[in-house]
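Colleague: Okay, here's the prediction I keep looking at, along with the sequence it came from:
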Amino acid sequence: MATATLTPAPAPRPQTRITVEEYRRLVATGVIPENGRIELIRGVLVERSTINPPHATSISRLRKQITRFEEQSVLVRIEAPIALSPDSGPVPDFAVVKGSEDDCEARHPGLEDIYLVIEVSDSSLAVDQTIKLQLYAEAKLPEYWIVNIPDRRVEVYTIPNSDDVSSYLHRQDYQSNEEVPVVVAEQMLVTIPVHEILPKS
């Protein structure tokens with residue numbers, strides 16, 4: 001009987017992790033496109049999900065709603081990086097931050113600047129409900145929304161958990177017939193009807 005010699009598969013190459021500063025240098029030198037869909041998560045370069053038509057529609061609808069309160073001493077950043085830690089610079093769909101555009105000229109908003117981050121989720125839903133949620137909870141961002149297109153709701157996560165740092169203590173879902181309050185520094189700025197930010201079908 002003939003016998004076959006099995007060649008062991010090569011061991012996987014260790015993943016190279018980089019810092020936010022190294023990532024910024026790669027962008028500055030053109031190795032990573034400045035307006036590309038790459039973000040840094042826990043030291044790893046991650047390609048963001050392709051924006052399909054329902055996702056694009058929700059971003060456009062939410063932009064119209066959320067920019068209504070920009071004049072109230074806050075800035076709405078759209079698809080721009082935030083600085084969470086030395087090895088994580090995610091690019092949420094929306095971030096509501098302190099200050100003005102002038103304050104962001106020299107640096108991306110950090111933990112002390114961020115009131116709210118929002119991810120619009122269709123094909124990226126599983127990532128946004130796990131990896132992104134854990135990342136934002138660990139950073140103790142006060143509030144995180146997921147615009148959940150498949151289930152037609154907005155999930156609002158608040159109160160980072162001090163015992164389980166990768167989770168939030170409170171989650172409230174707002175259905176398509178409800179309105180989500182936007183609360184910044186304990187002040188409600190506006191309410192946003194969920195049906196106004198979801199695709200029509």
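Modeller: Noted; the coordinates are in hand.
Colleague: ok, now which ones touch the residue nearest the centre of the chain?
Modeller: Geometric centre of the chain, nearest residue: Pro92, 2.9 Å, by C-alpha atoms, centre = their mean. By C-beta atoms under 8 Å, 6 or more residues apart in numbering, the residues touching Pro92 are 79, 82, 117-119, 132. Glycine gets a C-beta too; all of them are placed from N, C-alpha and C.
Colleague: Swap in 10 Å and give it another go.
Modeller: Applying C-beta atoms under 10 Å, 6 or more residues apart in numbering, we find Pro92 in contact with 39, 77-82, 114, 116-120, 128, 132, 136, 141, 144-145.
Colleague: just Ile114 next, same as before
Modeller: 77, 82-84, 92, 95-98, 136, 139-143 are the contacts of Ile114 under C-beta under 10 Å, 6+ apart.
Colleague: Please name the bridge partners of it.
Modeller: Assessed by DSSP bridges, Ile114 has beta-bridge partners Val97.
Colleague: That one and Glu79: what is the separation?
Modeller: Applying C-beta to C-beta, to the nearest Å, the value for Ile114 to Glu79 is 15 Å.
Colleague: got it, and Asn177?
Modeller: Plainly put, Asn177 is 28 Å away from Glu79 if you go by C-beta to C-beta.
Colleague: Of the two, which one has the most company?
Modeller: A count of neighbours by other C-beta atoms under 10 Å puts Glu79 above the other of Asn177 and Glu79, at 16 against 8.
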